[in-house]
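# Sequence and computational prediction follow.
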Amino acid sequence: MTIQPDAELRDICRQIVAEGRSEAEWSAIESDDWFQSANYVGGYDATEHAFCFSYLDSDRKEWWFQLSYEEAGRIAAGAVASIELRNPA
């Protein structure tokens with residue numbers, strides 16, 4: 001399944017970019033729930049070298065996805081049309 005980045009996710013990605021941290025700095029402070037909003041919960045995972053999120057769709061079904069720092073920047077800028085989701089089950 002895919003979703004289009006919404007304002008909620010763009011805001012999270014803008015927060016990631018605004019932090020201005022390197023990958024090493026994110027790794028040192030990794031947290032799986034650093035970013036929380038109505039439909040998204042996630043943070044940086046040093047093992048995955050990515051921001052890992054869960055997403056709740058309109059039926060409240062949970063999906064997962066990962067973003068690199070560069071992808072987060074592109075989403076923040078409105079330059080990503082869709083994100084591939086995977087079902088955790």
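That came in fine, so what should we check first? Numbering: from 1, shown residues only.
# ranges for the strands of the chain?
2-3, 35-36, 40-45, 50-56, 62-67, 83-84 (DSSP state E).
# Redo those strands as CSV? Include mean pLDDT and distance to Arg74.
Quick note: C-beta positions are derived from backbone N, CA and C, even for glycine. Below are the strands of the chain laid out as CSV (pLDDT from 0 to 100; distance: least, Cβ to Cβ, whole Å):
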stretch, mean pLDDT, distance to Arg74
strand 2-3, 91, 15
strand 35-36, 94, 17
strand 40-45, 95, 17
strand 50-56, 95, 13
strand 62-67, 95, 9
strand 83-84, 94, 11
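# Mind checking those strands for the one nearest to Cys13?
strand 62-67 (7.5 Å; Cβ to Cβ).
# what does the closest one contact?
Applying Cβ atoms under 8 Å, 6 or more residues apart in numbering, the contact partners of strand 62-67 are 1, 3, 13, 45, 48, 50-57, 75, 83-88.
# List the buried residues of that strand.
63, 65-67 (16 or more other Cβ atoms under 10 Å).
# Repeat that for stretch 68-85.
Those would be 69, 71-73, 75-76, 80, 83, 85, for stretch 68-85 by 16+ other Cβ under 10 Å.
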